[in-house]
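>>> sequence and predicted structure are below.
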Amino acid sequence: QVQLVESGGGLVQAGGSLRLSCAASGFTFRFNSVGWFRQAPGKEREFVATTNWSNDIMHYTDSVKGRFTISRDNAKNMVYLQMNSLKPEDTGVYYCAAKRGNVATISSLIDYWGQGTQVTVSS
């Protein structure tokens with residue numbers, strides 16, 4: 001049974017930091033690219049960040065470059081998203097995602113999704 005379980009969300013003031021974690025199980029984690037997407041109220045789910053199987057190719061959406069860092073630990077089947085200098089527009093439900101093969105930037109091509117964790121940034 002494939003599972004992606006996110007944790008680490010919460011309420012934080014603008015300028016603060018959060019670290020999201022995602023625990024993966026039920027599939028061959030190291031053969032998958034992983035990523036984070038988010039969905040704000042009334043908006044479509046959007047790509048945030050992704051890294052390939054060896055964690056040496058990363059892509060970020062422009063609005064988070066320089067503030068967010070994605071990483072993974074293949075020995076622990078974990079994915080992380082370090083979020084610094086948070087802004088109110090970063091508010092939303094953050095989803096962990098996995099995709100066989102190449103980096104995961106398009107939601108329609110994702111193979112596995114987590115249930116999401118809420119991030120709220122107050123101004």
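That came through fine. Not measured: the values here are computed from a predicted model.
>>> enumerate every residue touching the residue nearest the centre of the chain.
Ranked by distance to the mean C-alpha position of the chain (C-alpha atoms, centre = their mean), the top residue is residue 36 at 2.2 Å. Contact analysis of residue 36 by C-beta atoms under 8 Å, 6 or more residues apart in numbering lists 20, 22, 48-50, 70, 79, 81, 94-97. Any C-beta I mention is one placed from the backbone N, CA and C, and that applies to glycine too.
>>> of the residues you listed - the most surrounded one?
residue 79 (30 neighbours; other C-beta atoms under 10 Å).
>>> tell me which element that residue falls in.
Element membership for residue 79, per DSSP states H and E: strand 78-83.
>>> give the other helices and strands that that strand contacts.
Here strand 78-83 touches strand 18-25, strand 32-39, strand 46-51, strand 68-73, going by 3 or more C-beta pairs under 8 Å, 6 or more residues apart in numbering; DSSP states H and E.
>>> present those as CSV; the columns should include distance to residue 6 and mean pLDDT.
Below are those laid out as CSV (distance: least, C-beta to C-beta, whole Å; pLDDT from 0 to 100):
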stretch, distance to residue 6, mean pLDDT
strand 18-25, 5, 97
strand 32-39, 9, 96
strand 46-51, 12, 97
strand 68-73, 13, 97
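>>> and these, which is most packed in?
strand 32-39 (a mean of 24; mean count of other C-beta atoms under 10 Å).
>>> so what strands line up beside that one?
Strand pairing for strand 32-39, determined by DSSP bridges: strand 46-51 (antiparallel), strand 92-100 (antiparallel).
>>> contacts for the next helix or strand after the first one?
Scanning forward in sequence from strand 46-51 by DSSP H and E, the next helix or strand is strand 58-60. Outside of strand 58-60, the residues within contact range by C-beta under 8 Å, 6+ apart are 48-52, 68, 70, 103, 105.
>>> and strand 58-60, which residues are buried?
Buried positions in strand 58-60, judged by neighbour count with 16 or more other C-beta atoms under 10 Å: 59-60.
>>> in its sheet, what does it sit against?
strand 46-51 (antiparallel).
>>> residues contacting the strand it pairs with, please?
Counting by C-beta under 8 Å, 6+ apart, 33-39, 57-61, 64, 68-72, 79, 81, 94, 97, 103-107 sit against strand 46-51.
>>> cheers, nothing more for now.
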